[in-house]
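**Student:** Take this sequence and fold it.
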Amino acid sequence: MVPNPSSLTPLFAIVARPVGEHIIKKIKSKINPSEIEQAIKAGLLAADQEDSQFPYEKHLFHNSTVDGLNGVKAFFGKYFEIEAVQEELAKPFNNEASINIEYLTKEFNKISSKYSEVKPVEDRIKPWLTTFTKVYIENLSFYLKLQVAKENYFKQLSKRYDNIKFAGIAVSGEEEVKDLQRIFVMPDVSEIESNKTTFTKDFKLTIDGGEQKLSSLEREKLDSQLVKSNPPFLAKKLLTETSNKKAILLGSPGSGKSTLVSYFAVMLAQEKAEELGLDNQVDWLPIVIEVRDLEKNLNLKIIDYIHEYAEKNLVLPNLLCKTN
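**Tutor:** Modelled structure (predicted):
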């Protein structure tokens, strides 16, 4: 099948998918492989769209076959598997020199010569790769800026929550500040399961069909029958060993609810996820929302509140969101 621009579009999605996984192993950033994949796909599509502006006989792959063992699909799969090509594409992440178009072109020619059904138009190869590289880097620049912003966010988050104050304890009369990590002791928690039965009234039915208000003792007894408390376990296991993705921490004032959440956030911000039993290779993003502040801004959507809270309390610059 001779390709046209529309037939190559799904091909690029397939080609880009495994490349991100290869490149991520060569860089120091924790950028998500899917973001690299999207940047590669965007570069390939841009190069192909530019190609379509030329007369058909000047299209890079106009005389090539897409499918088959020796087609364009197989060629691209092999091209992006080359170690040297991956190292070139990894350069933007490692603050190295710019991507070498001449080298990419050389490898393109070398590999394409081994595929009998791939016959690229020679004078279009370098311009095609130049456009691909330009758009690839442009797409990555957003993600790289986002990584820098996130690193700054993590520093501010740690600064805000990694210190704990003991008001009134210091002899000098000033608040004593300690590193949360040094003094924190992981508490035990118990998971409470509610029965399906619910009571919306504080009344019970009498024999004659009427209602009678429950006494405080009856109410307390009824509440105890509605919940089942399981054996205690370390609080960090809430993140890894419970079937529920959502949890509500219940406890009396001063029992350590906020401190526990602060500790979780600090560990993730300092890339110590493994200490919580989590995979440190995952790109975690802890967000702490203090309810006492949220209730003062009930007119805001939660995402708008997070944005405003981060700018006000974490000294973050205004970040523009990128949407597709």
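**Student:** now for the helix or strand Tyr153 falls within, which elements pack on it?
**Tutor:** Per DSSP states H and E: Tyr153 is located in helix 122-161. Other helices and strands packing on helix 122-161, by 3 or more CB pairs under 8 Å, 6 or more residues apart in numbering; DSSP states H and E, are helix 33-51, helix 101-112, helix 257-269. For the C-beta atoms, the positions are set from N, CA and C on the backbone; glycine is no exception.
**Student:** what ranges do the strands span in this structure?
**Tutor:** 163-166, 176-179, 188-189, 192-194, 203-205, 211-213, 227-229, 233-234 (DSSP state E).
**Student:** ok, back up a step: looking at the helices and strands packed on helix 122-161, which is closest to Glu191?
**Tutor:** helix 257-269 (14.6 Å; CB to CB).
**Student:** residues of stretch 275-294 that come out buried?
**Tutor:** 276, 278, 284, 286, 288 (16 or more other CB atoms under 10 Å).
**Student:** Ignore what I typed, I meant stretch 114-122.
**Tutor:** 115, 117-121.
**Student:** Export these as a markdown table, with columns for pLDDT and distance to Thr65.
**Tutor:** Shown next, in a markdown table, are those (pLDDT from 0 to 100; distance: CB to CB, whole Å):
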| residue | pLDDT | distance to Thr65 |
| --- | --- | --- |
| Tyr115 | 94 | 9 |
| Glu117 | 93 | 4 |
| Val118 | 93 | 8 |
| Lys119 | 93 | 9 |
| Pro120 | 94 | 12 |
| Val121 | 93 | 15 |
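**Student:** Let me know which of the helices and strands packed on helix 122-161 is the nearest to Thr131.
**Tutor:** Taking the helices and strands packed on helix 122-161 one by one with CB to CB, helix 33-51 is closest: 4.3 Å.
**Student:** ok, now which ones touch Tyr305?
**Tutor:** 289, 294, 297 (CB atoms under 8 Å, 6 or more residues apart in numbering).
**Student:** what do you get if the cut-off is 7 Å, keeping everything else the same?
**Tutor:** By CB atoms under 7 Å, 6 or more residues apart in numbering, the contact set of Tyr305 is 294, 297.
**Student:** So it versus Ile24, what's the distance?
**Tutor:** Tyr305 is 33 Å from Ile24, where distance means CB to CB, to the nearest Å.
**Student:** same question, Pro286
**Tutor:** 22 Å.
**Student:** What of Lys106?
**Tutor:** 25 Å.
**Student:** the more surrounded of these two?
**Tutor:** Using other CB atoms under 10 Å, the more surrounded residue of Lys106 and Ile24 is Ile24, with 20 against 14.
**Student:** which ones are touching the more buried one?
**Tutor:** 33, 36 are the contacts of Ile24 under CB under 7 Å, 6+ apart.
**Student:** And for Tyr309?
**Tutor:** Asp293.
**Student:** Quick check: pLDDT value at it.
**Tutor:** pLDDT, Tyr309: 75.
**Student:** And for the one 10 residues further on?
**Tutor:** We have a pLDDT of 47 for Leu319.
**Student:** Can you tell me the closest non-neighbouring residue to Phe154?
**Tutor:** Distances taken as CB to CB, 6 or more residues apart in numbering put Ala269 closest to Phe154, at 4.0 Å, once the chain neighbours are dropped.
**Student:** residues near the closest residue to Ile14 other than its chain neighbours, how many?
**Tutor:** Closest residue to Ile14 apart from its sequence neighbours, by CB to CB, 6+ apart: Lys73 at 7.2 Å. A count of nearby residues for Lys73, using other CB under 10 Å, gives 23.
**Student:** cool, and Ile23?
**Tutor:** 23.
**Student:** show me the contacts for it.
**Tutor:** Applying CB under 7 Å, 6+ apart to Ile23 gives the contacts 36, 86, 89-90.
**Student:** From these, keep the buried residues only.
**Tutor:** 36, 89-90.
**Student:** just for the protein, where's the confidence low?
**Tutor:** 1-7, 28-30, 95-97, 165-178, 193-216, 218-229, 313-324 (pLDDT under 70).
**Student:** can you list the domain ranges for it.
**Tutor:** Listed domain ranges for the chain are 5-148, 192-229 (source: automatic domain parsing).
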